[in-house]
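Asker: With the sequence up front, the predicted model follows.
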Amino acid sequence: MIKINENYLKLKASYLFSEIATRVAAYQKAHPEKEIIKLGIGDVTRPLPSACIEAFHQAVDEMSDVETFRGYGPEKGYDFLRQKIAAVDFQAAGADVEADEVFVSDGSKCDCGNIQEIFATDVTVAIPDPVYPVYLDTNVMAGRTGAFADGRYRGIVYLDSSRANSFIPDLPTEPVDLIYLCFPNNPTGATITMDQLQGWVDYARENRALILYDAAYEAYIRAPGLPKSIYEVKGAREVAVEMRSFSKTAGFTGIRCGYTVVPKDCRGYDGSGKEHSIHDFWLRRHATKFNSVSYPVQRAAEAVYTVNGSRQVRDLTDYYLRNAALIREELTALGYECIGGDNSPYIWVDGRMDSWAFFDMLLEKAGVVCTPGAGFGRCGEGFIRISAFNHHERVQKALEKIKAALSG
Ligand code: MLT
């Protein structure tokens, strides 16, 4: 008899963004005449930067020639890409990261979801609320939680992010082992300061904990002085793993490429308290279960670090930030409190009503898709998240429709 992993029974029936896609598809089927504008899932709409396209084409051509054809790539990713990542994304910002500590992957969603499997099932996990649902769901699947009750899983230490703490969670009051942080935050758009991040790193050092730092939206930070990487903070190399993505920066959501930095100083402990290298564990897992990202995709990602590529990525992120500023301005003018949207492509709006009801109302009255805050955790109830990832004209049109719906 094939037995199932019963931890899956604790999960909500479907993943947040699948649930939204199903609801929107059903609505569209029932109202085929209705125009729908999607500001829900953070999926990019602008084409790849031309520097990436050129590199991509050239690499595909190389694969057609017996002299330049390549089969399996190196397990951590090609050196040409990892060298650029280490030099430009970290060393240039004063963060001590070596190319050999970078693992190229098919996106940070997969890394965020997979990395928990190298830790014991009985570690205490701290997860912000609200936050990107992958952190919680993958720990539920792995059996690190009890049942779901009152909007929360037993066994998880929730790090509440609310108006009271300006959407930056306070340090836990009890010892925890594995800590997820995401800044700029998905969904709230809140950003963390150097001092606040230093507090988390110090906490992790004191408690021999590990921080999983999701920096998928760092390219949207414009305010000077805000950390883009956790390794800008003293002591982070010993207690932090950082995940990044080319999805929201260079438009790679469909191409798939990201990376995870696992410093060689990071330590985990076995049952007897003996130290082990987290880097070696992740390497073992990565080499066993993953065959890296295709050569053309890694060449396209490398092009992000050329002069033209970096300018084009900046233009791309500026484009979405212009949308974000407009969304924030218009919703604020309508009397809604908004968080994020300045150093982030997400705007967190206090809808002052049940968040799924707000979602339904916007879909029905305005034809606009947002993401209900409750989908990101109990503290998200009452809020919606609006994504700035769409064409500017579509965002303008969506805002006109929202205005009509909310004032009508
Ligand atoms: C989001 O909308 O939160 C993200 O696009 C989801 C993801 O990156 O997987």
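Answerer: Arrived safely. Everything numeric in this text was worked out from a predicted model, so none of it was measured. Residues are numbered from 1 along each chain as shown.
Asker: Check the burial of the residue in the chain that the ligand sits nearest to by counting its neighbours.
Answerer: Residue nearest to the ligand within the chain: residue 42 (3.3 Å; CB to the nearest ligand atom). Yep, even glycine has a C-beta here, placed from its N, CA and C like the rest. Residues within reach of residue 42, counting by other CB atoms under 10 Å, total 22.
Asker: give me the element residue 159 is part of.
Answerer: Taking DSSP states H and E as the criterion, the element that holds residue 159 is strand 156-160.
Asker: residues making contact with that strand?
Answerer: In this structure, residues lying in contact with strand 156-160 by CB atoms under 8 Å, 6 or more residues apart in numbering are 124-129, 136, 139, 144-145, 152, 169-170, 172, 174, 176, 179, 377-379.
Asker: That strand: what's the following helix or strand?
Answerer: Trace forward from strand 156-160 with DSSP H and E and the next one is strand 178-182.
Asker: And whichever helix or strand comes after that next one, what does it pack against?
Answerer: For strand 178-182, the succeeding helix or strand toward the C-terminus, using DSSP H and E, is helix 194-207. Identification of packing neighbours for helix 194-207 by 3 or more CB pairs under 8 Å, 6 or more residues apart in numbering; DSSP states H and E yields strand 178-182, strand 210-214.
Asker: starting at the chain centroid, how far to the first one?
Answerer: Offset of strand 178-182 from its chain centre (CA atoms, centre = their mean, to the nearest Å): 12 Å.
Asker: With just CA atoms, put that strand into PDB.
Answerer: Extracted C-alpha coordinates of strand 178-182, given in PDB (Å, rounded to 0.1, in the frame of the first residue of the first chain):
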ATOM      1  CA  LEU A 178      15.700  28.700  11.600                       C
ATOM      2  CA  ILE A 179      14.600  32.200  10.700                       C
ATOM      3  CA  TYR A 180      13.100  33.400   7.400                       C
ATOM      4  CA  LEU A 181      13.400  37.000   6.600                       C
ATOM      5  CA  CYS A 182      12.400  38.700   3.300                       C
END
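Asker: OK, contacts around the residue lying closest to residue 148 once chain neighbours are set aside?
Answerer: Nearest residue to residue 148 in three dimensions, chain neighbours excluded: residue 10, at 5.7 Å (CB to CB, 6 or more residues apart in numbering). Residue 10 makes contacts with 140, 145, 147, 148, 153, as judged by CB under 8 Å, 6+ apart.
Asker: Count the neighbours of the second one for me.
Answerer: Which is residue 145. The tally of other residues near residue 145 (other CB under 10 Å) stands at 21.
Asker: follow-up on the earlier one: does the residue of the chain closest to the ligand sit in a helix, a strand or a coil?
Answerer: Under DSSP: H, G, I helix; E, B strand; the rest coil, residue 42 falls in the coil class.
Asker: In contact with it: list those residues for me.
Answerer: 186, 248, 345, 346, 387, 389.
Asker: is it possible to export the helices and strands packed on helix 194-207 to CSV including mean neighbour count, mean pLDDT and distance to residue 326?
Answerer: Shown next, in CSV, are the helices and strands packed on helix 194-207 (neighbours: other CB atoms under 10 Å; pLDDT from 0 to 100; distance: least, CB to CB, whole Å):
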stretch, mean neighbour count, mean pLDDT, distance to residue 326
strand 178-182, 24, 98, 24
strand 210-214, 25, 98, 26
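Asker: I'd like those laid out as JSON lines, including distance to the ligand.
Answerer: Formatted as JSON lines, the helices and strands packed on helix 194-207 follow (distance: least, CB to the nearest ligand atom, whole Å):
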{"stretch": "strand 178-182", "distance to the ligand": "10"}
{"stretch": "strand 210-214", "distance to the ligand": "10"}
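Asker: before we move on, back to that, now a PyMOL select for only the buried ones of the contacts of strand 156-160.
Answerer: In PyMOL syntax, the buried subset of these is picked out as below (16 or more other CB atoms under 10 Å):
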select buried, resi 124+125+126+127+128+129+136+139+144+145+152+169+172+176+179+377+379
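Asker: And the helices and strands packed on helix 194-207: which comes nearest residue 322?
Answerer: If you check each of those against residue 322 by CB to CB, strand 178-182 wins as the nearest, at 23.2 Å.
Asker: by how many degrees do the closest one and strand 210-214 diverge?
Answerer: Relative orientation of strand 178-182 and strand 210-214, computed by axes from the mean of the first three to the mean of the last three CA atoms, to 10 degrees: 20 degrees.
Asker: Strand partners (parallel or antiparallel) of strand 178-182?
Answerer: Sheet pairing for strand 178-182, assigned by DSSP bridges, gives strand 125-129 (parallel), strand 210-214 (parallel).
Asker: May I see those strands arranged in CSV, with distance to residue 102 as well?
Answerer: Converted to CSV, the strands paired with strand 178-182 look like this (distance: least, CB to CB, whole Å):
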stretch, distance to residue 102
strand 125-129, 25
strand 210-214, 14
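Asker: Closest one of the contacts of residue 42 to residue 68?
Answerer: For these, the nearest to residue 68 is residue 248 (31.2 Å; CB to CB).
Asker: For the host helix or strand of the closest one, which outside residues touch it?
Answerer: Here residue 248, judged by DSSP H and E, is contained in helix 247-250. Residues from elsewhere that reach helix 247-250 (CB under 8 Å, 6+ apart): 42, 44, 48-49, 52, 107-108, 216-217, 219-220, 253, 256-258, 301, 304, 309, 313, 316-317, 345, 389.
Asker: Tell me which of those fall in helices.
Answerer: Of the positions in these, 52, 108, 301, 309, 313, 316, 317 sit in helices, assigned by DSSP state H.
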